[in-house]
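J.: sequence-free structure coming up:
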């Protein structure tokens, strides 16, 4: 179930990544044409948007316990939009105009999102992300369980009551 939910979430996050990048590009391009730097006017907000995209991509690609279907869904959307921009740009121009669409339509045919799609495809091939990690007993729990075992025979010394053999817990002094 986590793979299915991750895939659907990735399908939602893909357009968000493209639109935020397009929105930031439109703002930075407007600053450049006005002769201003990235730290003047609305430039810091656009740079903060790009930093947010970078953090979001890192959170999708790096955590080992996250389903690989989340970045895969986002990568499908990003690469699909790039391919559609290269082959059938007129279909993308029919989409409703939302903030960031103009900048995204300028960036998509340039292939700017191809490296992003490759980074988001990579977690798909990490085998450990497909399995859920067992939440078994930790090493500390096993250690303390062995320390505080209760004796059935109160008369025997503690060393005689301790189990021995290959499965006996090892205690540190």
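T.: Thanks, I have the structure now. Everything numeric in this text was worked out from a predicted model, so none of it was measured.
J.: In terms of pLDDT, where does the residue most central in space within the chain sit?
T.: In the chain, the residue lying closest to the centroid (Cα atoms, centre = their mean) is residue 60, at 1.1 Å. Note for residue 60: predicted pLDDT of 85.
J.: Now do stretch 17-30: everything it contacts.
T.: 38, 42-43, 45-47, 49-50, 52-53, 56-57, 74, 77-78, 81, 98-108, 112-113, 116 (Cβ atoms under 8 Å, 6 or more residues apart in numbering). Every C-beta, even on glycine, is put in place using the N, C-alpha and C of the backbone.
J.: one step back: hmm, the residue nearest to the centre of the chain is touching residue 72, no?
T.: No: if you go by Cβ atoms under 8 Å, residue 60 and residue 72 don't touch, sitting 9.5 Å apart.
J.: and the longest helix for the protein?
T.: The single longest helix within the chain, with elements called by DSSP state H, is helix 2-33.
J.: Separate out the buried members of the contacts of stretch 17-30.
T.: Buried by 16 or more other Cβ atoms under 10 Å: 43, 46, 49-50, 53, 57, 74, 77-78, 81, 100-101, 103-105, 107-108, 112-113, 116, out of those.
J.: Which of those residues fall within helices?
T.: In this view, those that belong to helices under DSSP H are 43, 46, 49-50, 53, 57, 74, 77-78, 81, 101, 103-105, 107, 116.
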